[in-house]
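J.: have a look at this fold, sequence not included:
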């Protein structure tokens with residue numbers, strides 16, 4: 001119920017902001033479940049406001065897969081500015097598994113090492129938001 005309420009409120013707020021402020025650029029971000037919802041939100045906003053938007057971007061961090069090839073292929077064509085950040089061996093980014101019929105949307109940006117001796121614990125440790133933030137800060141300092 002809370003998710004439905006949040007979705008409806010978000011849509012009403014975005015619609016009002018878009019109509020009242022002549023919004024033409026939208027950026028959607030999300031981490032973990034928020035990343036999965038952000039992926040779906042980008043498609044929804046792009047579909048509803050295709051004639052009004054000049055740019056829509058999506059940035060997700062540690063997000064799971066949200067659809068099959070039937071979802072990801074059109075998504076990749078419609079949302080070219082979409083970026084999925086994956087920290088090391090983050091386990092959630094690998095879920096659901098390919099054999100369950102899911103596939104990721106394009107433009108994976110790998111941050112941190114994917115190779116570790118402690119494979120099991122790294123899969124969970126790399127999922128933490130603090131690791132994403134630390135590595136992104138390190139990368140921004142280098143640039």
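T.: Great, that's in hand. These numbers were taken from a predicted model, which means no experiment stands behind them.
J.: tally of neighbours for residue 108?
T.: Residue 108: 12 surrounding residues under other CB atoms under 10 Å. Quick note: C-beta positions are derived from backbone N, CA and C, even for glycine.
J.: would you list every one of the strands in the chain?
T.: In the chain, the segments counted as strands under DSSP state E are 25-31, 55-61, 82-87, 108-111.
J.: strand partners (parallel or antiparallel) of the last one?
T.: It stands for strand 108-111. Using DSSP bridges, the strands paired with strand 108-111 are strand 82-87 (parallel).
J.: pLDDT of the strand it pairs with, averaged?
T.: The pLDDT scores in strand 82-87 average 92.
J.: and the angle from it to strand 25-31?
T.: For strand 82-87 against strand 25-31, the angle by axes from the mean of the first three to the mean of the last three CA atoms, to 10 degrees is 20 degrees.
J.: which strand residues bridge residue 108?
T.: With DSSP bridges as the criterion, residue 108 is bridged to residue 84.
J.: now do it against residue 83, distance only.
T.: From residue 108 across to residue 83, the span is 8 Å (CB to CB, to the nearest Å).
J.: same deal with residue 71?
T.: With CB to CB as the criterion, residue 71 and residue 83 are 17 Å apart.
J.: ok, and the closest non-adjacent residue to the residue positioned nearest the centre of the chain?
T.: For the chain, the residue nearest the mean C-alpha position is residue 60 (2.7 Å; CA atoms, centre = their mean). Leaving aside its chain neighbours, residue 60 sits nearest to residue 35 (3.4 Å; criterion: CB to CB, 6 or more residues apart in numbering).
J.: great, nothing more from me.
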